[in-house]
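1. Give me a 3D structure for the following:
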Amino acid sequence: MGAILVTYKVFPEDIVASFDSLKTEIVKILPEGSKIEGWGEEPVAFGLVALLVQLRFPEDVMGLVDEFEVEMSKIAGVSQVQTFQIRRTSKDF
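-> This next block holds a predicted model:
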């Protein structure tokens, strides 16, 4: 069985110096059977930076991609979340 690799772009409500607290909140809401593959940052405009989060979801559980996007958007300080890239991998956890 394979897995789904998803990259989300998380936009903060304001300019932030560090994403450490946001990363901690994201880790707390990870669905069972999922894991974070990596973090990144992408400049948006005028000093605003978006957090990139890459996760691996089990392929056999439907709806996790959208559900996790909604849950991240509920975190305090998050303005918007976009599913940026989705791809399937044949490698399992």
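
2. So residue 41 is in contact with residue 48, correct?
-> No: contact between residue 41 and residue 48 fails when scored by C-beta atoms under 8 Å: they sit 10.8 Å apart. All C-beta atoms are positioned from the backbone trio N, CA, C, and that covers glycine.

3. So which of the two has more stuff around it?
-> For residue 41 and residue 48, the more surrounded residue by other C-beta atoms under 10 Å is residue 48, and the numbers stand at 15 against 10.

4. Who is residue 51 paired with across the strands?
-> For residue 51, the beta-bridge partners under DSSP bridges are residue 10, residue 41.

5. wait, residue 87
-> On the basis of DSSP bridges, residue 87 is bridged to residue 5.

6. Make 32 the starting number, not 1.
-> Okay, using 32 as the starting number, the last item reads as residue 118.

7. pLDDT wise, what is it at?
-> Confidence at residue 118, expressed as pLDDT, is 94.

8. One more: residue 35?
-> Residue 35 carries a pLDDT score of 93 in this model.

9. now do residue 123
-> Listed pLDDT for residue 123 reads 58.

10. now the helix or strand that contains residue 84, how far from the centre of its chain.
-> Per DSSP states H and E, residue 84 falls inside strand 79-89. Taking C-alpha atoms, centre = their mean, to the nearest Å, one finds strand 79-89 lying 3 Å from the centre of the chain it belongs to.

11. Then stretch 45-57?
-> Remark: stretch 45-57 is offset 12 Å from the chain centroid, using C-alpha atoms, centre = their mean.

12. One more: stretch 66-78?
-> Worked out by C-alpha atoms, centre = their mean, stretch 66-78 lies 10 Å from the chain centre.
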